[in-house]
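> take this sequence and fold it.
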Amino acid sequence: MILPVKPGSVIQAGQIVSATSPDLFIRTAGTLFHLELYEDAIRQNEKAIELLADKKQLAVAWNNKGVCLMSLKNENEAKECFEQALLNDPSLSEARANLEKLSPSGGPSR
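Just a heads-up that it's a prediction; the model follows:
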């Protein structure tokens, strides 16, 4: 599941958003994901990861990158992304669920 930066947050019409805003990169990545442009979505999530300092938002960006990689059947890199997400926010249940989808044993292999 691709997650927004903050539940229920939206960019309002007329709102000024910086071209280097992590929110903008994550939102663009979500749109690209839904258009099945996974490589482009990965690049947008990577830009967000470079800019983010907030651990919860960083976890969302890592999770979203992992979902894109999972869609491309790149399970090893996806697993690394979900693990990074959980390192940043151990409570991110979506990352844990995505990791479990990749691990038949039901969890991380650390």
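> contacting residues around the longest helix anywhere in the chain?
Criterion DSSP state H: the longest helix present in the chain is helix 55-71. Applying Cβ atoms under 8 Å, 6 or more residues apart in numbering, the external contacts of helix 55-71 come out as 1-6, 22, 25-26, 29-30, 33, 36, 38-39, 41-42, 45-46, 48-49, 52, 75, 77-82, 84-86, 88-89, 92, 94-95, 98, 101-102. C-betas here are computed from N, CA, C, even on glycine.
> mark which of the residues you listed are part of helices, please.
Checked against DSSP H, those include these in helices: 22, 25-26, 29-30, 33, 38-39, 41-42, 45-46, 48-49, 75, 77-82, 84-86, 88, 94-95, 98, 101-102.
> what about residue 76, neighbour count?
When neighbours are counted by other Cβ atoms under 10 Å, residue 76 registers 8.
> state the pLDDT value of it.
pLDDT for residue 76: 96.
> for it, give its distance to residue 101.
14 Å (Cβ to Cβ, to the nearest Å).
> swap in residue 74?
According to Cβ to Cβ, residue 74 and residue 101 sit 14 Å apart.
> ok, now residue 60?
17 Å.
> ok, those two, which is more surrounded?
Taking other Cβ under 10 Å, residue 60 and residue 101 do not tie; residue 60 has more neighbours (27 against 14).
> tell me the pLDDT of that one.
The per-residue pLDDT reported for residue 60 equals 94.
> buried ones in the helix or strand of the chain with the lowest mean pLDDT?
Least confident element among the helices and strands of the chain, by mean pLDDT, DSSP states H and E: helix 22-34 (a mean of 88). Residues 22-30, 32-33 are the ones in helix 22-34 that count as buried (16 or more other Cβ atoms under 10 Å).
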